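Undergrad: sequence plus predicted model, see below.
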2 protein chains.
Amino acid sequence: MHRVTKLSIRLLSDKASRFVPKDGVYPKGYIVGGIHCGIKKDGKSFDLALLHNTFGKDASAAAVFTTNKFKAAPVQVSQRIIKETKGSGINSIVVNSGNANAVTGTQGIKDANDMVIVTDSVLENKTDSTLVMSTGVIGNNLPIDEILSGIPKLALNHLGSSHQDWINCATAICTTDTFPKLVSKQFQIGDDTYTLAGLCKGAGMICPNMATLLGFFVTDAPVSPSALEQILKYSVDRSFNSITVDGDMSTNDTIVAIANGAAGGEEIDLNSSCAERYGALQHEITAFAQQLAQLVVRDGEGATKFITLKVKDALSYKDAKTIASSVANSALFKTAMYGKDANWGRILCAIGYADVENEAVVPSKTSVKFVPVDGSESLDLLINGEPEKVDEDRASEILQDEDLVIEIDLGTGGGQSADFWTCDFSHEYVTINGDYRS
Amino acid sequence: MHRVTKLSIRLLSDKASRFVPKDGVYPKGYIVGGIHCGIKKDGKSFDLALLHNTFGKDASAAAVFTTNKFKAAPVQVSQRIIKETKGSGINSIVVNSGNANAVTGTQGIKDANDMVIVTDSVLENKTDSTLVMSTGVIGNNLPIDEILSGIPKLALNHLGSSHQDWINCATAICTTDTFPKLVSKQFQIGDDTYTLAGLCKGAGMICPNMATLLGFFVTDAPVSPSALEQILKYSVDRSFNSITVDGDMSTNDTIVAIANGAAGGEEIDLNSSCAERYGALQHEITAFAQQLAQLVVRDGEGATKFITLKVKDALSYKDAKTIASSVANSALFKTAMYGKDANWGRILCAIGYADVENEAVVPSKTSVKFVPVDGSESLDLLINGEPEKVDEDRASEILQDEDLVIEIDLGTGGGQSADFWTCDFSHEYVTINGDYRS
């Protein structure tokens, strides 16, 4: 166990250098930043983040929220604002970390509203043009004075559009994340060049709270609120909703997309005349959201492995995703991956108890294989329900890699597929989540 | 961590002395036993078990099987026999441990059938009067010669009705269980005295396989097959299907009930004339099955805690059970319990994402408390959605106990409730399931 722990620590310290970009290309018309306002107890870590649209025109916004019935106050407030504005004229996002403002009663709602009001008043001349998010400890009221005095300070003195400003913003939404999660890219739609930038925080949960997933991505492409909403839902289904660290869904989970149109071009809407551009944007945003979501898995608590599950030839996308999710969440599978054990029995088991109709999984048509990420030959574990004689040396070799792709071919003839990303379940996970008080 | 590991080892070695009965009272008309037939590699551990009805009349049998789509060969064979016989005239159960006969193709089905045929021919003069179960490694064919020659040896020389015979039988179905699981009790229905004995194996999964739950309980009460089937389903819902160790459901899970009527009295059937006796028997069997199922949680891999979740005042039993199951399976909750952390946020979180309708959980009506098993005062964590100022010293005191009851009152006015049992998630769980090859 000592050996494994040391290895994990090495991987952990490598992660920041491997996954935090040294530079980026950022969308036009946004300023961002982060500061320490006084929530985090070390007195210095950034805990307040702002993003603001400086382009002269109102931006479009869309958001997806946790379906947990215990919705944190900022989720309730942001949901109301999105509903009332129909996603039009949302120009800022304010986020605090260190306190989730969850299960905080009426005071919590007032505090979340106040964060919106103060941000609006500093950066805008109108109300309800800001979305609010919080992450951190639950059950404690926010240190609201620090936050409300921090917002103008951050808004007036610490916002910018440099790479460092984006890094600061991404850092300020982190809790126990071991590195800030920031991605940016440029892409073409027809002759137009657009830029996307996104940041998120992942599954960190020291202190009596829970994993929270927060993310937002912004673009300078021109998109109507309704088109942005459809694209966001599609992309989140295939990215943030296709990852798991421990299967727990928090009270605060929120993903927001903002489009300000600062790069020009014709607005992308839902009408058929721009179907081609809509499709292109959806493709770009989905791939981008996947890149961002995968960073959350990379930084999964105690994670030593990054596993891609590819379910193929299912009867429907929903079946494929349900089956992938079942394997991705199996504690038995995840501990086997940690132990570098080619335990295909546990994969089959989790396929078999996935909540799908009987015809969705036919044992005699199911095949499973390991696909090494180095491009070397894949290793068949099960072909059409018949177990293969597995070369254990080869399996062990493949499992030494941090990255692994597992392909599950259901052979139903339905042709539908889904990808899902997960990490392993390690001693460190238990330590982080069980032992942190001792 | 060192401290915790030592504590766990102490608890582990205590378990056999605390949970294995020194004596028992057993139902009339059954002989049982166990031997080593040659499957387990140490050359001596028992790996073949038999139970046989010696009462002159055919017994009634009922069974519930895994809903996993990858059903092991013995599950498929036993399902066929129950279906064809309608549960009438099943007089024996044969079980091997050490090899699950799962994902073993047509050879696997032939082997499972041969186990039935040989048992029938040694103990009966008719076919399909035996149910078969297997547990252990998956993907390997059974060492069928050893098993088929072991069956007559066991049947002719090693069956009996003493306490030791029952212990031998319970021991022979174990895999990585740390103690054999056997319970017996006598009860009255009207003037009639009946006896129940049951044994099961739990979540042990060393070697490339998966947790398997096998169990059977037998009584000398007279019960029709259809009544026994209804009672079994009801009781398993509230016992074996209300426990979790890691949430994984195996290819082999099987629970069987047999009633031979050897203690006499009028047969209990589904018709209204025996409704009262039916209800009494259902009550007894359910309580008994719960006792047996709880032993599986006690012996959960790496478990250091035994947690009872009581969900009260739900709109329906199904809601109550779904919510209890959601908490019981949360890795975050289970690691917090291991860390002895009064982390009610994680409990709420798991209540909030349980798959129930919106009206089933109303945050402002939800209350959560710890109920110490020593009868001392309970500790409120949340009352009607408002977090309590938790006395951390008192919480820590309560969490020192191995046993804990957590009461979740949904306050819906529906009045329905469900109990669920789970264990914590420890370093040892990860070690057992990830590291066993190193």
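TA: Now that the structure is in, tell me what you want to look at.

Undergrad: residue A:231 belongs to a helix?
TA: Yes: counting by DSSP: H, G, I helix; E, B strand; the rest coil, residue A:231 falls inside a helix.

Undergrad: now it. Nearest residue, chain neighbours left out?
TA: Using CB to CB, 6 or more residues apart in numbering or on different chains and skipping the chain neighbours, the partner closest in space to residue A:231 is residue A:282 (4.8 Å). For glycine as for every other residue, the C-beta is placed from the backbone atoms N, C-alpha and C.

Undergrad: contacting residues for that neighbour?
TA: Counting by CB atoms under 8 Å, 6 or more residues apart in numbering or on different chains, residue A:282 touches A:230, A:231, A:234, A:235.

Undergrad: okay, buried residues for whichever helix or strand it is part of please.
TA: Residue A:282 is part of helix A:275-298 when elements are defined by DSSP states H and E. For helix A:275-298, burial by neighbour count (16 or more other CB atoms under 10 Å in any protein chain shown) applies to A:277-278, A:280-282, A:284-290, A:292-298.

Undergrad: just the buried residues of the contacts of residue A:282.
TA: Neighbour counting over the contacts of residue A:282 (16+ other CB under 10 Å) leaves A:230, A:231, A:235 as the buried ones.

Undergrad: name the helix or strand for the last one, please.
TA: When you say that, I think you mean residue A:235. Using DSSP H and E, residue A:235 sits in helix A:225-237.

Undergrad: what about the helices in the stretch 101-250 of chain A?
TA: A:105-123, A:144-157, A:163-172, A:225-237 (DSSP state H, counting those that start in this stretch).

Undergrad: which one of those lies nearest to residue B:370?
TA: With CB to CB as the criterion, residue B:370 lies closest to helix A:105-123 of the helices of the stretch 101-250 of chain A, at 21.5 Å.

Undergrad: need the contact partners of that closest one.
TA: Residues from elsewhere that reach helix A:105-123 (CB under 8 Å, 6+ apart): A:50, A:52, A:72-74, A:76-78, A:81, A:91-92, A:94, A:96, A:101-102, A:104, A:126-132, A:134, A:141-142, A:144, A:147-148, A:151-152, A:155-156, B:385-386.

Undergrad: just how off-centre is it within its chain?
TA: Helix A:105-123 sits 25 Å away from the centroid of its parent chain (CA atoms, centre = their mean, to the nearest Å).

Undergrad: now do stretch A:290-302
TA: Relative to its chain's centre, stretch A:290-302 lies at 7 Å (CA atoms, centre = their mean).

Undergrad: please save the CA atoms from it in PDB.
TA: This file holds the C-alpha atoms of stretch A:290-302, laid out as PDB (Å, rounded to 0.1, in the frame of the first residue of the first chain):
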ATOM      1  CA  GLN A 290     -16.100  17.000 -22.700                       C
ATOM      2  CA  GLN A 291     -12.500  18.300 -22.400                       C
ATOM      3  CA  LEU A 292     -13.500  20.400 -19.400                       C
ATOM      4  CA  ALA A 293     -15.500  17.600 -17.700                       C
ATOM      5  CA  GLN A 294     -12.600  15.200 -18.200                       C
ATOM      6  CA  LEU A 295     -10.400  17.500 -16.100                       C
ATOM      7  CA  VAL A 296     -12.800  16.900 -13.200                       C
ATOM      8  CA  VAL A 297     -12.300  13.100 -13.500                       C
ATOM      9  CA  ARG A 298      -8.500  13.700 -13.800                       C
ATOM     10  CA  ASP A 299      -8.700  15.500 -10.500                       C
ATOM     11  CA  GLY A 300     -11.100  13.000  -8.800                       C
ATOM     12  CA  GLU A 301     -10.300  12.600  -5.200                       C
ATOM     13  CA  GLY A 302      -7.500  10.100  -4.800                       C
END
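
Undergrad: hmm, it touching chain B?
TA: No: legend: contact between stretch A:290-302 and chain B by CB under 8 Å from any CB of the partner chain is lacking; minimum distance shown is 9.2 Å.

Undergrad: stretch A:128-138 and chain B, any residue contact?
TA: Yes: Stretch A:128-138 comes into contact with chain B (CB under 8 Å from any CB), by way of residue A:138.

Undergrad: ok, stretch A:343-363 next?
TA: Yes: using CB under 8 Å from any CB, we find that stretch A:343-363 touches chain B at A:343-346, A:348-353, A:358, A:361-363.

Undergrad: average pLDDT for that stretch?
TA: Mean per-residue pLDDT for stretch A:343-363: 89.

Undergrad: who are the packing partners of the helix holding residue A:235?
TA: strand A:60-65, strand A:254-259, helix A:275-298 (3 or more CB pairs under 8 Å, 6 or more residues apart in numbering or on different chains; DSSP states H and E).

Undergrad: cutoff 10 Å now
TA: On a contact count with 3 or more CB pairs under 10 Å, 6 or more residues apart in numbering or on different chains; DSSP states H and E, helix A:225-237 meets strand A:60-65, helix A:73-85, strand A:214-219, strand A:254-259, helix A:275-298, helix A:317-328.

Undergrad: tell me which helix or strand comes right after the fifth one.
TA: Okay, so that is helix A:275-298. Sequence-wise, the next helix or strand downstream of helix A:275-298 (DSSP H and E) is strand A:306-314.

Undergrad: how far does that following strand sit from the chain's center?
TA: Going by CA atoms, centre = their mean, where strand A:306-314 is centred and where its chain is centred differ by 18 Å.

Undergrad: okay, angle between that strand and helix A:317-328 too, please.
TA: Here strand A:306-314 runs at an angle of 140 degrees relative to helix A:317-328 (axes from the mean of the first three to the mean of the last three CA atoms, to 10 degrees).

Undergrad: so what does strand A:306-314 touch, helix or strand wise?
TA: For strand A:306-314, the elements it packs on are helix A:275-298, helix A:317-328, helix A:331-338, helix A:344-352, strand A:367-371, strand A:403-409, strand A:416-423, judged by 3+ CB pairs under 10 Å, 6+ apart.

Undergrad: those: which one's closest to residue B:412?
TA: Nearest to residue B:412 among the helices and strands packed on strand A:306-314 is helix A:317-328 (28.8 Å), distances taken as CB to CB.

Undergrad: near residue A:385, how many other residues are there?
TA: Close neighbours of residue A:385, defined as other CB atoms under 10 Å in any protein chain shown, add up to 17.

Undergrad: that one and residue A:411 touch, don't they?
TA: Yes: using CB atoms under 10 Å, residue A:385 is in contact with residue A:411, at 9.1 Å.

Undergrad: find the residues that touch each one of those two.
TA: Common contacts of residue A:385 and residue A:411, defined by CB atoms under 10 Å, 6 or more residues apart in numbering or on different chains, comprise A:362, A:364, A:365, A:366, A:367.

Undergrad: so how do I select the buried members of those in ChimeraX?
TA: To isolate in ChimeraX the members of those that are buried, counting by 16+ other CB under 10 Å, one can use:
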select /A:366,367
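
Undergrad: just flag the most distant two among the shared contacts of residue A:385 and residue A:411.
TA: Pairwise distances across those peak at 11.2 Å for A:362 and A:367 (criterion: CB to CB).

Undergrad: now for the two: what residues contact both?
TA: Residues touching both residue A:362 and residue A:367 (CB under 10 Å, 6+ apart): A:384, A:385, A:410, A:411.

Undergrad: who in the stretch 1-150 of chain A is up against chain B?
TA: A:1, A:3-5, A:66-71, A:100, A:102-106, A:137-141 (CB under 10 Å from any CB of the partner chain).

Undergrad: show me the contacts for the nearest residue to residue A:293 once chain neighbours are set aside.
TA: Excluding the flanking residues, the one nearest residue A:293 by CB to CB, 6+ apart is residue A:239, at 4.0 Å. The contact partners of residue A:239, taken as CB under 10 Å, 6+ apart, are A:200, A:215, A:255, A:285-294, A:296, A:419, A:421.

Undergrad: which residue in the residues you listed has the weakest pLDDT?
TA: The lowest pLDDT within the contacts of residue A:239 belongs to residue A:296, with 88.

Undergrad: quick one: it and residue A:180 touch, right?
TA: No: at 11.9 Å, residue A:296 and residue A:180 do not qualify as touching, with contact defined as CB under 10 Å.

Undergrad: give me the neighbour count for residue A:114.
TA: Residue crowding around residue A:114 was assessed by other CB under 10 Å; the count is 17.
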